[in-house]
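Engineer: Structure for this input, please:
(one chain, ligands or ions: 1)
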Amino acid sequence: LWTPSNIIDDAVTAVREQVGGDHVLLGLSGGVDSSVVGALLHRAIGEQLTCVFVDNGLLRLGESDQVMATFARHMGVRVIRVDAEARFLERLKGVKDPEAKRKLIGNTFIEVFDAEAGKLQGVKWLAQGTIYPDVIESAGAKTGKAKVIKSHHNVGGLPEQMNLGLVEPLRELFKDEVRKLGLELGLPAEMVQRHPFPGPGLGVRILGEVQKDYADTLRRADHIFIEELRAAGLYDRVSQAFAVFLPVRSVGVVGDNRQYAHVIALRAVETVDFMTARWANLSYDFLDHVSRRIANEVEGVSRVVYDITGKPPGTIEWE
Ligand code: XMP
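Structural biologist: Residues are numbered from 1 along each chain as shown. Here you go, the predicted structure:
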């Protein structure tokens with residue numbers, strides 16, 4: 001019988017059998033899959049689990065603290081937070097091409113994670129949030145971005161290099177099942193029902209070169225958009241929504257002064273499979289409210305636009 005608690009019981013038993021008394025390492029990203037694996041392994045093996053959470057400086061507003069609050073403080077999971085913002089931003093200096101940024105962010109992540117893992121004694125297993133669609137995707141030879149996408153979710157050659165075995169307790173589950181497990185394991189609904197967030201994070205939502213002040217501006221604008229979507233009961237009705245930072249400048253007025261500042265684009269889409277998508281038909285009143293809040297509250301933004309491009313011809317992300 002498929003009930004979340006049965007699946008959890010089975011997974012707990014299976015993991016205990018697989019790893020015995022060994023120590024397991026997990027990279028927490030703040031995303032749904034790795035979060036659910038974290039909660040599941042904590043239930044199965046408690047103190048034998050160590051999580052590494054890399055803050056790359058490209059996360060959403062308050063995300064890093066939320067991950068620590070949920071796992072470390074609330075659940076008592078051992079989580080090592082690595083503040084790698086400076087390192088990522090330093091590496092990203094002068095890099096403008098989207099794929100180059102993706103590679104760089106992915107490689108830097110592996111480096112940082114690897115270095116952290118190397119400090120831990122006696123780890124024998126690496127846990128990953130691989131879910132059934134990932135298994136299918138890597139079995140069939142998909143092209144282009146899909147491959148790249150996955151390279152950010154797992155930690156590349158790490159298991160072989162470090163001689164670690166793989167623990168993948170969600171391998172047979174679909175996303176909606178993973179979410180149900182997460183709720184049953186006591187993760188906050190807000191975390192479990194969250195829209196997808198790309199591995200390279202805000203790195204591909206700041207067009208062109210990434211800069212810290214751009215990231216700070218974008219985080220604040222994005223937060224307002226998401227907060228308003230939630231308040232209006234729209235968050236769960238769109239598949240993905242976010243703000244994008246456009247490094248062009250546009251003239252505006254603040255009080256009596258002319259302001260020459262940056263542009264924020266809002267994107268919200270409806271989709272089943274993320275392969276095609278429609279832009280979400282949000283009401284003018286709603287968009288008006290969000291636009292006013294962003295322009296008034298976020299310094300350095302003079303203009304807000306809404307993206308009305310479907311996929312195709314657009315992609316969901318801007319880069
Ligand atoms: P696109 O922009 O290709 O996005 O229409 C489809 C879905 O994939 C996500 N996406 C990524 N996820 N690493 C990821 O982990 C990436 O490099 C990446 N690029 C796009 C995107 O957020 C959307 O959900």
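
Engineer: Just to check, residue 182 is in contact with residue 176?
Structural biologist: No - counting by Cβ atoms under 8 Å, residue 182 does not reach residue 176; the two are 10.6 Å apart. The C-beta positions use only the backbone N, C-alpha and C, and glycine is treated the same way.

Engineer: who has more neighbours, these two?
Structural biologist: Between residue 182 and residue 176, counted using other Cβ atoms under 10 Å, the more crowded position is residue 182 (24 against 8).

Engineer: in the particular helix or strand that has that one in it, what's buried?
Structural biologist: Assessed by DSSP states H and E, residue 182 sits inside helix 175-184. Of all the residues in helix 175-184, those buried under the rule 16 or more other Cβ atoms under 10 Å are 177-184.

Engineer: Distance across stretch 306-318, terminal residue to terminal residue?
Structural biologist: In terms of Cα to Cα, to the nearest Å, the two terminal residues of stretch 306-318 are separated by 12 Å.

Engineer: What segments of this protein are strands?
Structural biologist: 23-28, 49-55, 78-83, 123-127, 165-167, 240-254, 257-270, 278-279, 301-306 (DSSP state E).

Engineer: The ligand is nearest to which of these?
Structural biologist: Comparison of the strands of the chain against the ligand by Cβ to the nearest ligand atom identifies strand 240-254 as nearest, at 5.3 Å.

Engineer: quick revisit: just checking, what packs against the helix holding residue 182?
Structural biologist: helix 4-19, helix 32-45, helix 189-192 (3 or more Cβ pairs under 8 Å, 6 or more residues apart in numbering; DSSP states H and E).

Engineer: Give me whichever of the ones you listed is most buried.
Structural biologist: Burial of those is given as mean neighbour count (mean count of other Cβ atoms under 10 Å); helix 32-45 ranks first at a mean of 24.

Engineer: what's next to that helix, contact-wise?
Structural biologist: 8, 11-12, 15-16, 19, 24, 26-28, 49, 51, 67, 70-71, 75-77, 127-131, 153, 167, 169-170, 175, 178-179, 181-182, 185-187, 191-192, 194 (Cβ atoms under 8 Å, 6 or more residues apart in numbering).

Engineer: what does stretch 13-28 give?
Structural biologist: With Cβ under 8 Å, 6+ apart as the criterion, stretch 13-28 contacts 34-35, 37-38, 40-41, 44-45, 48-54, 67, 71, 79, 113, 117, 120, 122-128, 155, 164-165, 167, 169.

Engineer: how many other residues sit next to the nearest residue to residue 240 once chain neighbours are set aside?
Structural biologist: Distances taken as Cβ to Cβ, 6 or more residues apart in numbering put residue 195 closest to residue 240, at 4.5 Å, once the chain neighbours are dropped. If you count neighbours by other Cβ under 10 Å, residue 195 ends up with 16.

Engineer: What of residue 210?
Structural biologist: 30.

Engineer: Surely it and residue 85 touch.
Structural biologist: No - contact criterion Cβ under 8 Å: residue 210 and residue 85 do not qualify, at 10.9 Å.

Engineer: Looking at the helices and strands packed on helix 175-184, which is nearest to residue 293?
Structural biologist: helix 189-192 (20.4 Å; Cβ to Cβ).

Engineer: So which residue is smack in the middle of this protein?
Structural biologist: Geometric centre of the chain, nearest residue: residue 197, 3.6 Å, by Cα atoms, centre = their mean.

Engineer: and that residue, what is it in contact with?
Structural biologist: 30-31, 60.

Engineer: which among those gets closest to the ligand?
Structural biologist: residue 31 (8.3 Å).

Engineer: Contacts only, for residue 261.
Structural biologist: Taking Cβ under 8 Å, 6+ apart, one finds 249-250, 252, 300-303 in contact with residue 261.
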